[in-house]
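Enquirer: After the sequence you'll find the predicted model.
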Amino acid sequence: MAPTSAQAETRYRLRGQVGSRLRTFPLQPGENTLGSLEGNDICLPVSEVSRQHAILRVGRGMVRVEDCNSLNHVFVNGARVQLAPVHPGDVISFGPVALALEELAPGDDQLAIHLLEPEEPAAAAEPARVLPGQVTAAHKRPGDDGPMALLEEWLSRLTAGPVHGVEPLLEALARTLWAEGAVLLEGPPGREPVVRASHGALRDLGPDSALARQLAQREAREAGPLSTGSLQEPGEVAFACYRPAGGPPLWLLVFAPFELASASRILALSLLLLSWASQLEVVAGGGPGERELPGLHLPEGFVRGPNAAMRLLLEQLPHFAEGDSAILILGETGVGKELIAKAVHLSSRRAAGPFVQLNCATLPEGQVEAEFFGVAKGAATGVDARSGVLQEADGGTLFLDEIGELPLTFQAKLLTALDHQRIRPLGGKEIKVNVRIVAATNQNLLAAMQEGKFRPDFYFRLSGAELRVPPLRERVDDLPALVSHSLRLSALARQKGLRGVTAAALERLRRYGWPGNVRQLKQLLERLVQRCPAGEAIELALVREEIDSAPAMPEPAAEPNFDLNLPRRVGALERELILAALERAGGSRRRAASILGIARNTLMRKLQELAIEAPAEVAPEAD
């Protein structure tokens, strides 16, 4: 029976220096032998430690240590003991080795994200991958090779790469079964499991739990790559286990508050899970966030997860990347607008051309025009010729970050240059350029227009399409993928092996508001890698310290409450465009209609429909 009381669930470990390395030793309920021989539960291969030096007994929320007549004795906080209770924070010495007793926070006894140490070759730890050209789950149908083969096929693909996006599958399975929760585990029972994905309430999954013992017994009796069945826990636990060649077993567990009908029902629901996998294209190399999208090319460092909003954005991106229309990317500071801009460039026909970026918030006062248009030789005494960003981006894409910071006085000049695709460097002759503009902002440009801080005609020139990048707090289901990617890069850069991130630590990261979004997450993970001892896991206490000590950041500005009424929004847009065209045409209806790309009669009709009082014409127009 699984532990139910808080005391029974309390977990402990010993931690301290053994030789030149910091080591941790989990303590299991019951007896834990400690000594220099390999047969001990805790092996300390040190000459001053006896073959069986001591026994640590764990039970009922307490730990006791007993000296087994060792040569160098046992000390607790410097005092020699024969049999004594030990409390969290106490230091127990076994000869020259001093280990502190620590109480683990709930969830810190299992890894949610697993990282390989640098010295471990990745190929040795990786299960066999599915080769290109093999039949995928999406191409198979029930009855092709029998239900067991279909389930084996799906589970094998989960071992072939990241499992982003499996949570919806587990949720569907749990909901269909009226189950409390479901989990995907990697690793043999009886050892510390690696949680690959989970949904809902979980049972005690620790290596010493009753559930782990039952699974270990079932695995010892089973043969072959796949087995299914159920256990009595209380409440039934349905399981399917896949054992790939050369890799650790993968366990799919479903926790139900009542007895499941039969193994055949489990199998049928596994097939339901398989059908979901087919719809979401869970194939080798990743989940739904990893599937191939025609025409989509992402920049290096872009991490794809299962979040639906981000998936929709990526699905739309190839369509918006076509042509040369300007694109406006909206989103809070730190959400990754630059990566989306690079993705637009790489997915467009301009991918072979340059990608030039300029942060408008950093432009030196008085040098804005020179930064954009450049300076010709001899423009002033002692001034060298240099190109502006529009000339540097010729044939490619110019990314203007923080476009809301561009001075109002320069917006009209840049608008004219973009319309005519011609620039005049300071002191030079006119030059033709071919540039696509992708702009980004974290500001509310509609409010800025109402306040007279941003030109409406410039806004409409930039917003040929608008892409919104969701903040991190709206895509926490992407957090495991983002954390895993950043930690691997950071640990590799430092040549520092880390075991991973515990479930409790990851849950704390999920519950944080992330006002600085992905940029803040990366900076926090850098500090965690720096502080976490080599060979250890990032745990709840370390994450909590970093989050609590983080400087206070202003709350993200509320997004504008956009009017979603299509006729009103279209009418407002038409009004703005017509007024801008009339202003540029000096009041001439014929020229304004030409600028707008519509017939003069159509313009006159819209002036009446929208009740627009047009400015007086500069000169009467001929009929």
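Expert: Cool, got the structure.

Enquirer: can you give me the mean pLDDT across stretch 42-49?
Expert: What stretch 42-49 shows for mean pLDDT is 91.

Enquirer: Please disregard the earlier target; I meant stretch 487-502.
Expert: Stretch 487-502 comes out at a mean pLDDT of 85.

Enquirer: any idea how far that stretch is from the chain center?
Expert: Counting by Cα atoms, centre = their mean, to the nearest Å, stretch 487-502 is centred 16 Å from the centre of its parent chain.

Enquirer: in that stretch, what counts as buried?
Expert: Under the neighbour-count criterion of 16 or more other Cβ atoms under 10 Å, stretch 487-502 has 487-488, 490-491, 496-502 buried. Heads up, the C-betas are built off the backbone N, CA and C, glycines and all.

Enquirer: Helices along the stretch 351-500 of the chain, start to end?
Expert: Using DSSP state H, counting those that start in this stretch, the helices found in the stretch 351-500 of the chain span residues 368-373, 389-392, 408-420, 445-450, 456-462, 479-493.

Enquirer: so for the third one, what's the average pLDDT?
Expert: Averaged across helix 408-420, the pLDDT comes to 92.

Enquirer: what helices or strands is it leaning on?
Expert: Helix 408-420 is packed against helix 368-373, helix 456-462, with contacts defined by 3 or more Cβ pairs under 8 Å, 6 or more residues apart in numbering; DSSP states H and E.

Enquirer: Arrange the ones you listed in CSV, one row each, with distance to Gly334, mean neighbour count and mean pLDDT as further columns.
Expert: Supplementary listing: these in CSV, determined by distance: least, Cβ to Cβ, whole Å; neighbours: other Cβ atoms under 10 Å; pLDDT from 0 to 100:
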stretch, distance to Gly334, mean neighbour count, mean pLDDT
helix 368-373, 24, 20, 92
helix 456-462, 21, 20, 92
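
Enquirer: Tabulate these (JSON lines), appending distance to Val469.
Expert: Below are these laid out as JSON lines (distance: least, Cβ to Cβ, whole Å):
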{"stretch": "helix 368-373", "distance to Val469": "25"}
{"stretch": "helix 456-462", "distance to Val469": "16"}
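
Enquirer: Out of those helices, flag the one nearest Leu346.
Expert: Set against Leu346 and scored by Cβ to Cβ, the helices and strands packed on helix 408-420 come closest in helix 456-462, at 20.4 Å.

Enquirer: Output the closest one as PDB, nothing but the C-alphas.
Expert: Taking C-alpha atoms only, helix 456-462 is exported to PDB below (Å, rounded to 0.1, in the frame of the first residue of the first chain):
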ATOM      1  CA  PRO A 456      -1.100  56.300 -38.300                       C
ATOM      2  CA  ASP A 457       0.200  56.100 -41.900                       C
ATOM      3  CA  PHE A 458       3.500  54.700 -40.700                       C
ATOM      4  CA  TYR A 459       1.700  52.200 -38.500                       C
ATOM      5  CA  PHE A 460      -0.400  50.900 -41.400                       C
ATOM      6  CA  ARG A 461       2.700  50.700 -43.600                       C
ATOM      7  CA  LEU A 462       4.400  48.500 -41.000                       C
END
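
Enquirer: Who are the packing partners of that helix?
Expert: helix 408-420, helix 445-450, helix 566-584.

Enquirer: closest one to Glu338 among those?
Expert: Nearest of the helices and strands packed on helix 456-462 (Cβ to Cβ): helix 445-450, 18.3 Å.

Enquirer: List the buried residues of that closest one.
Expert: 445, 448-449.

Enquirer: same thing with stretch 73-86?
Expert: 73-76, 81, 84, 86.

Enquirer: Now do that stretch: everything it contacts.
Expert: The contact list for stretch 73-86, computed with Cβ atoms under 8 Å, 6 or more residues apart in numbering, reads 53-54, 56, 62-67, 90-94, 101.

Enquirer: Can you give me the end-to-end span of it?
Expert: 16 Å (Cα to Cα, to the nearest Å).

Enquirer: so how far is it off the chain centroid?
Expert: 47 Å.

Enquirer: now that stretch: mean pLDDT?
Expert: Mean predicted confidence for stretch 73-86 is 96.

Enquirer: same check, this time on stretch 541-550
Expert: pLDDT averaged over stretch 541-550 gives 87.

Enquirer: list the buried ones in it?
Expert: Result for stretch 541-550 [16+ other Cβ under 10 Å]: buried residues 541-543, 546.

Enquirer: what's the answer for stretch 589-607, then?
Expert: 589, 591-593, 595-596, 603, 606-607.

Enquirer: if we can go back for a sec, nearest to Val237 among the buried residues of stretch 487-502?
Expert: So of the buried residues of stretch 487-502, ranked by how close each gets to Val237 (Cβ to Cβ), first place is Thr502, at 22.7 Å.

Enquirer: How about the contacts made by the closest one?
Expert: Taking Cβ under 8 Å, 6+ apart as the test, what Thr502 contacts is 107-112, 537-540.

Enquirer: Just the closest of the buried residues of stretch 487-502 to Gly200, please.
Expert: Once Cβ to Cβ is applied, the member of those that ends up nearest Gly200 is Thr502, at 19.0 Å.

Enquirer: From Phe25, how far out is that closest one?
Expert: From Thr502 across to Phe25, the span is 16 Å (Cβ to Cβ, to the nearest Å).

Enquirer: repeat for Gly39
Expert: 15 Å.

Enquirer: more crowded one of those two?
Expert: Per other Cβ atoms under 10 Å, whichever of Gly39 and Phe25 has more neighbours is Phe25, with 18 against 9.

Enquirer: secondary structure class for the more buried one?
Expert: strand (DSSP: H, G, I helix; E, B strand; the rest coil).

Enquirer: burial of Lys377, as a residue count?
Expert: 11.

Enquirer: what sits against it?
Expert: 384-385, 428.

Enquirer: Work out the gap between stretch 356-366 and the centre of the chain.
Expert: Worked out by Cα atoms, centre = their mean, stretch 356-366 lies 30 Å from the chain centre.

Enquirer: Number the chain from 2, please
Expert: Taking 2 as the first residue, the last one we looked at is stretch 357-367.

Enquirer: so where is the stretch 152-301 of the chain shaky, pLDDT-wise?
Expert: 152-179, 188-195, 197, 223-227, 233-236, 243-249, 258-293 (pLDDT under 70).

Enquirer: now do 90
Expert: 152-297, 299, 301 (pLDDT under 90).

Enquirer: returning to what we had before: quick one: which of the buried residues of stretch 74-87 sit in strands?
Expert: 75-77, 82, 85, 87 (DSSP state E).

Enquirer: on that earlier part again, from the contacts of stretch 74-87, which two are the most distant?
Expert: The farthest-apart pair in the contacts of stretch 74-87, when distances are taken by Cβ to Cβ, is His54 and Met63, at 20.6 Å.

Enquirer: Does the closest residue to Cys69 other than its chain neighbours lie in a helix or a strand, and which?
Expert: Nearest residue to Cys69, sequence neighbours excluded (Cβ to Cβ, 6 or more residues apart in numbering): Gln53, at 5.1 Å. Per DSSP states H and E: Gln53 is located in neither a helix nor a strand.

Enquirer: Fine by me, thanks again.
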